[in-house]
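K.L.:
no sequence for this one, just the structure:
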């Protein structure tokens, strides 16, 4: 299955881990880590153990193109997403994730996805923005 290899590399490097260290932390073989990072493909088992080793939700490892395959409203497969994450707020639009930015002058990043058939819009918040929610005094879990 497709996996967000860029995120794996980013998180590994943030921890100052080599590929071998990630392999040991996850229980996978070094060659498996190399293949996943190069090809962006992994088994469900590899995906689970990588998420655990990197201390993230397994859904965070979904490939960006896999965020929404079919519309939850009308079941259409005519789904389009913007080519990259956009910034929420910043003085030119609504701040959709207030107080979830990474710094005093930063703004949250979102990935918009739209269904052509019914117009359903879904916004996926970046991992960086989501991490801020749990520790924020401005957001409460429902």
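P.N.:
Cool, the structure landed. Predicted, not measured: the structure shown is a model, and the values here were computed from it.

K.L.:
can you pull the contacts of the residue minimising distance to the centre of the chain?
P.N.:
Nearest to the mean C-alpha position of the chain, by C-alpha atoms, centre = their mean, lies residue 60 at 4.1 Å. Taking C-beta atoms under 8 Å, 6 or more residues apart in numbering, we find residue 60 in contact with 4, 7, 51, 127. For every residue, glycine as well, the C-beta is placed using N, CA and C.

K.L.:
Assign it to helix, strand or coil.
P.N.:
Here residue 60 is recorded as helix under DSSP: H, G, I helix; E, B strand; the rest coil.

K.L.:
Neighbour count and secondary structure for the contacts of residue 60 - can I get that in JSON lines?
P.N.:
Output for the contacts of residue 60, formatted as JSON lines (neighbours: other C-beta atoms under 10 Å; DSSP: H, G, I helix; E, B strand; the rest coil):
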{"residue": "4", "neighbour count": "20", "secondary structure": "coil"}
{"residue": "7", "neighbour count": "18", "secondary structure": "helix"}
{"residue": "51", "neighbour count": "18", "secondary structure": "helix"}
{"residue": "127", "neighbour count": "16", "secondary structure": "helix"}
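
K.L.:
can you name the two of those residues that are farthest apart?
P.N.:
51 and 127 (11.6 Å; C-beta to C-beta).

K.L.:
Quick one: low-confidence residue ranges for the chain.
P.N.:
Along the chain, segments meeting pLDDT under 70 span 63-67, 88-107.
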